[in-house]
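Novice: got a predicted structure here, sequence first:
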Number of protein chains: 4
Amino acid sequence: MPWKPSDFQITSLGEARYNAADFESIRNVTSDTLFVNDRERVPHQVVFQEGDPLDTSRAFEKAGPREKLFFNPGEVNAAIVTCGGICPGLNDVIRALFMELHYIYQARSVLGFRYGLRGFDPASGLDPIELNHERVSDIQAYGGTMLGTSRGHVAADVVVDRLQAHNIQILFVIGGDGTQRAAHTIWEEVARRGAKIAIIGVPKTIDNDINYVYKTFGFDTAVSFARDALEAAHIEAKGNPKGIGLVKVMGRDSGFIAAYATLASITVNYTLIPEMDFHLDGNHGLLNHLEKRMADKNHAVIVVAEGAGQHLLPESERERDASGNIKHGDIGVYLKQRINQHFKQKGLEVNLKYFDPSYMLRSLPANAQDRIFAANLARFAVHAAMAGKTDMMIGRRFNQFIHVPIPIAVANRKKITLDSELWMAVLQATGQPAKMF
Amino acid sequence: MPWKPSDFQITSLGEARYNAADFESIRNVTSDTLFVNDRERVPHQVVFQEGDPLDTSRAFEKAGPREKLFFNPGEVNAAIVTCGGICPGLNDVIRALFMELHYIYQARSVLGFRYGLRGFDPASGLDPIELNHERVSDIQAYGGTMLGTSRGHVAADVVVDRLQAHNIQILFVIGGDGTQRAAHTIWEEVARRGAKIAIIGVPKTIDNDINYVYKTFGFDTAVSFARDALEAAHIEAKGNPKGIGLVKVMGRDSGFIAAYATLASITVNYTLIPEMDFHLDGNHGLLNHLEKRMADKNHAVIVVAEGAGQHLLPESERERDASGNIKHGDIGVYLKQRINQHFKQKGLEVNLKYFDPSYMLRSLPANAQDRIFAANLARFAVHAAMAGKTDMMIGRRFNQFIHVPIPIAVANRKKITLDSELWMAVLQATGQPAKMF
Amino acid sequence: MPWKPSDFQITSLGEARYNAADFESIRNVTSDTLFVNDRERVPHQVVFQEGDPLDTSRAFEKAGPREKLFFNPGEVNAAIVTCGGICPGLNDVIRALFMELHYIYQARSVLGFRYGLRGFDPASGLDPIELNHERVSDIQAYGGTMLGTSRGHVAADVVVDRLQAHNIQILFVIGGDGTQRAAHTIWEEVARRGAKIAIIGVPKTIDNDINYVYKTFGFDTAVSFARDALEAAHIEAKGNPKGIGLVKVMGRDSGFIAAYATLASITVNYTLIPEMDFHLDGNHGLLNHLEKRMADKNHAVIVVAEGAGQHLLPESERERDASGNIKHGDIGVYLKQRINQHFKQKGLEVNLKYFDPSYMLRSLPANAQDRIFAANLARFAVHAAMAGKTDMMIGRRFNQFIHVPIPIAVANRKKITLDSELWMAVLQATGQPAKMF
Amino acid sequence: MPWKPSDFQITSLGEARYNAADFESIRNVTSDTLFVNDRERVPHQVVFQEGDPLDTSRAFEKAGPREKLFFNPGEVNAAIVTCGGICPGLNDVIRALFMELHYIYQARSVLGFRYGLRGFDPASGLDPIELNHERVSDIQAYGGTMLGTSRGHVAADVVVDRLQAHNIQILFVIGGDGTQRAAHTIWEEVARRGAKIAIIGVPKTIDNDINYVYKTFGFDTAVSFARDALEAAHIEAKGNPKGIGLVKVMGRDSGFIAAYATLASITVNYTLIPEMDFHLDGNHGLLNHLEKRMADKNHAVIVVAEGAGQHLLPESERERDASGNIKHGDIGVYLKQRINQHFKQKGLEVNLKYFDPSYMLRSLPANAQDRIFAANLARFAVHAAMAGKTDMMIGRRFNQFIHVPIPIAVANRKKITLDSELWMAVLQATGQPAKMF
């Protein structure tokens, strides 16, 4: 993507004039060396050829506490909203945002809007919750989000009206790329009004498909559970004569969960993801390959991401949504039918067990790693907001927290490249042919 | 069930003439007080009215090591077979059978037949495995069965031919009621031939639906996992506006997993089991009740056993098996459709998430409790076999291991009684109406 | 213990005159067949010799909802207190007591006294909490007790004064045998005053050492964790040359956790419990046996209950408590020293790793099984109290909930008998000699 | 550390002359774009100031499959050894090394030497195991190492003699910094002899204290378990009046486990690590601070790394090892005593529960994340070795796998810097004072 160096510039609400070190609670947890200045950068790429210079013209602003704050922290009313599907770690983000705002920056108040963007719409009848220590102190033990979430969109002016009605200076928007696009629109409306409201995105997607975030929170937890499903499929496949375990996992546009769960379980023979082309029929197709494997090894495990193989589905298997657009068809059920049919036609025994753990992946509380990461994202989001940054999302690249302009973050989705180290590892772990067509 | 006292009599292969205490390895782990004599009994019922005698005319033989053995243990070749679906703890049973036979009774050999009863059929081309310490010592870490399993049946004379060809004196048949019926048929063929082969059943069913076994091994593990699915459904239901979490769990003819998981999770509002009648439509039907709840509480969790509500399914939703018999239709998918349709027709928002954790329940390794119980069943099965008992299954009643004649064990399936303490507890935990029709 | 039949009689506060069926919320979850009458009994023993009658002269009252209530449920103020060490499931008991009292019997109020019996002492400055749905609805996700607990004792008249000051009609006392003895003393003071306050015990002990409770709540959860510790010890023992894994687990007077964890892990070679005699030195002592095993097998796992082998400890290794009584010395540390010393003296390599998971066993939230059991105890406790029973504890025998007079329950502690099926299974699982002296 | 650019040069066994693409099994899982050339670099630092160039003079060679191989892969005999303490993921490394060597490079043989470096010493009597698919295929389910491990050292010439005796071309040395130093010495001996044996290090340390490895395998798994211990301590602390939970975790020279577990649990009030100075006594000391907290909040949780506060221990509390060097004293037990003593002297109640989960942290099987990482390290190690690299360790920096010269890797240990983002996060999560002296 041909981003210009200037595209990486972070929008600012104005000159930052308050000294962070004047506030004791901030001083206690920082130090001179910890403050990050606005010129610190993390390059877009990190690998270079010896002798050639590393191109650093395109680079991200480094995240971290700033010496100068735009807002007087004690006067800030902040707001939080969680959007899209649930995901392990949402409550950790909410909790850490509150803790950082309340105890470190000692903001005046933190409101939680309910059930996604619709919580800003007066027509929804939903009032925000005022967060306090007691309300958030134990929420990390639970999956989901204490605020509720939803997928709906709401007009930007409705949101900004509500923000202004509540005298909000900072809005934290936790969500995936669709949500971050909405956040950008909200910022545009804020800018149009000349208001001083920081709009800060916190990236959230169970599919790990947001760019410039090395791994989204909740992803590790989801992969662990997906691994358990794969091992269950393996046990079934080996326990029955001519057993096949077929597992469908989340991943509408990218196959990260399928790929990582494959590497984590080491029991998979075929990993099918949206980024790859594959056929069922024909000499090099999956069915023929599977038939040979079953003759040879007597069992097989297949994991398929929900967005894989959509081109294979007959029109009738695809649903249409309210607008008449084709939704994803159920590749899992389709594969089950086609495999059973194939072996039946050949007069070959097969015992296929189908697993669809879908939502269980995402409703768990965060594991240790995801909890730490989610809370860090939140802390860096607060630092950015207090310094007057806006229209940006916290990212993570090369083990550094960074500021990512939302337009860059949402320009496209992160996908698995078929000539990447990741996919090479999957090919090695499964032994599947690089091409199945 | 009007069993006569004599129905509880255990069939014997003949007079037991070897002294257990003559074998050092047996003596080491027993003692005079541990030996159980054949007259020790556990009554069929245990609750009585003060003043009235407790009827003990119908009673089970108590299980345990016998002072007199029918077989000379060092000359025994034993065989093991696992049948039906996999279940947590199968490997624990296999391991404990081997350990007891090999180290305590020092049997000559232990063979494991492969993939259920078909492993006895020479036409299957499957040879049994000779078990040894190394082969079984770590198998408890894995779910499933190291021997493989299957559902098929094989003619009793084929099985007995194979047993005699391998000079087997004891056959342990691990399986559910269908399998135990097959074991009885095998015994009848053994008896017809006048052979001295003990046929001992070890009860196995993930659904916990075998009579005279207080709780089958694997059931606890399955309930734990089902609880996790219910909690995931609860998180989804609360995280989305007007959220409903619908979970289908195993339980074709009895609802024990659904009921116990409900009690273990405390988040369920409706528990639907095969033993109950319920309607979807009408004033007292589920849909109307659910609609009211959603208006009032905004979320709901429903767990349905796969065998529940079959009377509700239209003919077209039911599959037929090879013989043309109607198989269970998918009540989970049907409920999902009907609930979505109902709320759509009423113009009410609903966000239903459907969970089908099915096979994951049964592929796990056994938890601590199931492991202990599975191994105990195995040990008592060996004691019974060595004493020359046959055509019986190890049971557990009133915290005692007992010998259950197979015909009594398989006469019917254990079900939840709607006026039991268990169901009363479910009604209290869910708050659902006692009648939904 | 030569209890007379009359010792099993449950004390009653007086004639029960209210009809349970007059209360809709009770009627909804019961039925005519569910009500238990006061003459229903569960015998003290259940095994008998064919031909000889089963002695049912000593028998427990069966627990369950009564048709007649002593209290008008809507007028009841109930109180709950948790005493002694924490244990998985305490919050489940508190939650289920509240739910049953509030939703089924619709009691007027439920108070939770804080930090054990000291919460009744005005000098402690601790006020009780009024429980409500919101306060208890999610507590089962956490270990420990939301009310706090402590080991201290408080004079019975202080407790009764406080009960009367708060107009309490029912007190639920959750605790072990010491606590139940205190409950009995409180009852005696209540009786002396002629007050109508039901004192109902709910048995709680992580050690599973209360009589007439087949297995205490939290015990399963504790055993699962202990199993994990044993498996860790096994991994260390096998991973290092001449490795020994030594694990100390809870169990001051009885070795149930050690024994069950041994059966659940199948990796233990020596299980040492308070009920057994064993020596370290001498030809048949543990050290000599261990030395031979190490020469032969190169690794070993030992589990020792904290109360085992106290006779071996030199006086100097034992602590004395405030009253000068000898407290338990640390057998785990002592064994570690003696084993290391023994091998060093012999010039033999040994790599001993010591594990002391102690408190982690008891701070976990309850697993599925313990949760179900804990809640059931609570429900049956409420039924008993509302019917006017007092000075009794809910027990579980032969899969029946029963009423146990507190004097019988606390007369002595449940221990492992060395000629029991349980210990026989341990000897088989470990292969350890039946005698090590 | 003033490393010169040339210090980052990787030692090579000689010119690589075989074409990887000539081997079908390699070609199947790679592609032209995947091959990494020897000039690809990852810079030592990644953050720079806008306007100033990023200094890339010091940079690591990027890891990955090479187009040219030094060894003819089919002629390679490889060897693996695991050294030091066990750690989650060791079996994953062994398994993945074997799989990559056997299936992708189709090496002639893979030997596993037993119990660390002593396995090379003929005097140990230990013979290596020849690995094959069956031996390694299920080992990832278990913690520890299938090869055994130990801490002992063995003279380099003894090791090289054995390598040459077995005609080994590649040795993979899995271990921490001490082990990698030994690997360097072995390489020096190999070089002295002019032999062509690649010595490749795979970094392993439960403490995460090796430089240039972002996070060692097993660390995540250990942190998860440590978190559970902290939550147990929190439950105990809150469940008892004036409760303190004190937890000792691994970390001899660096406090990563303590710090990350603190962030993962969010229940800790004091985190004590080797890198920090702190006093117990005095106005700013821990005891005084803790006393105030207990008066205010009634409970506290403290986590201490085993290497923390060694300066506080009286000489008598420290053990000396065989050479007379002072070993680490037990800071956990010392803190327990001092805290109890402090509160006793002040006449203040305190209920301190001490947790020492130590070895349980490291005997677990790897979680999903650690498994993936461990296997990746192994794959990249094989690529490096086959290309003729030596005296190097696989590292991970800025999400890139890199080649690290062993002398650089082991020059010092990675520690927590007190003005790092990590420690800032810990201060925020605990609320502890930045200085306790």
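Specialist: Yes, it's here.

Novice: which phi and psi does the residue nearest to A:E188 when sequence neighbours are not counted have?
Specialist: Leaving aside its sequence neighbours, A:E188 sits nearest to A:A156 (Cβ to Cβ, 6 or more residues apart in numbering or on different chains; 6.8 Å). Using the backbone N, CA and C atoms, a C-beta is placed for each residue, glycine as well. A:A156 adopts backbone torsions of phi -60, psi -40, taken as degrees, to the nearest 10.

Novice: right, and A:A156 touches A:H184 too?
Specialist: No: counting by Cβ atoms under 8 Å, A:H184 is not a contact partner of A:A156; they are 9.3 Å apart.

Novice: tilt between whichever helix in chain A runs longest and helix B:219-239?
Specialist: In chain A, assigned by DSSP state H, the helix with the most residues is helix A:219-239. Interaxial angle of helix A:219-239 relative to helix B:219-239 (axes from the mean of the first three to the mean of the last three Cα atoms, to 10 degrees): 140 degrees.

Novice: for A:A434, the count of nearby residues, please.
Specialist: As a burial measure, A:A434 scores 15 neighbours (other Cβ atoms under 10 Å in any protein chain shown).

Novice: about what we covered before: wait, what's in contact with the residue nearest to A:E188?
Specialist: A:A156 makes contacts with A:182, A:185-186, A:188-189, as judged by Cβ atoms under 8 Å, 6 or more residues apart in numbering or on different chains.

Novice: ok, of the residues you listed, which one's closest to chain B?
Specialist: Minimum distance to chain B across these is 17.1 Å, recorded for A:A182 (Cβ to the nearest Cβ).

Novice: for that closest one, pull up the helix or strand it's in.
Specialist: Assessed by DSSP states H and E, A:A182 sits inside helix A:177-193.

Novice: which helices and strands sit right next to that helix?
Specialist: In terms of contacts (3 or more Cβ pairs under 8 Å, 6 or more residues apart in numbering or on different chains; DSSP states H and E), helix A:177-193 is packed against helix A:156-165, strand A:170-175, strand A:198-203, helix A:406-409.

Novice: residues making contact with the helix or strand that the shortest one is followed by?
Specialist: Toward the C-terminus, helix A:406-409 is succeeded by helix A:421-430 as the next helix or strand (DSSP H and E). Around helix A:421-430, the neighbours that count as contacts under Cβ under 8 Å, 6+ apart are A:259, A:262-263, A:266, A:268-271, A:416-417, A:434, D:28-31, D:34, D:64-65, D:99-100, D:103-104, D:375-376, D:379, D:401.

Novice: what is the least confident helix or strand in chain A?
Specialist: When each helix and strand of chain A is scored by mean pLDDT, DSSP states H and E, helix A:24-27 comes last, with a mean of 91.

Novice: which non-adjacent residue is nearest whatever residue of the stretch 201-350 of chain A ends up closest to chain D?
Specialist: With Cβ to the nearest Cβ, the shortest gap between the stretch 201-350 of chain A and chain D falls at A:A264, namely 3.8 Å. Closest residue in space to A:A264, ignoring its immediate chain neighbours: D:A368 at 3.8 Å, by Cβ to Cβ, 6+ apart.

Novice: and the one you found, its phi and psi?
Specialist: According to degrees, to the nearest 10, D:A368 has phi -60, psi -50.
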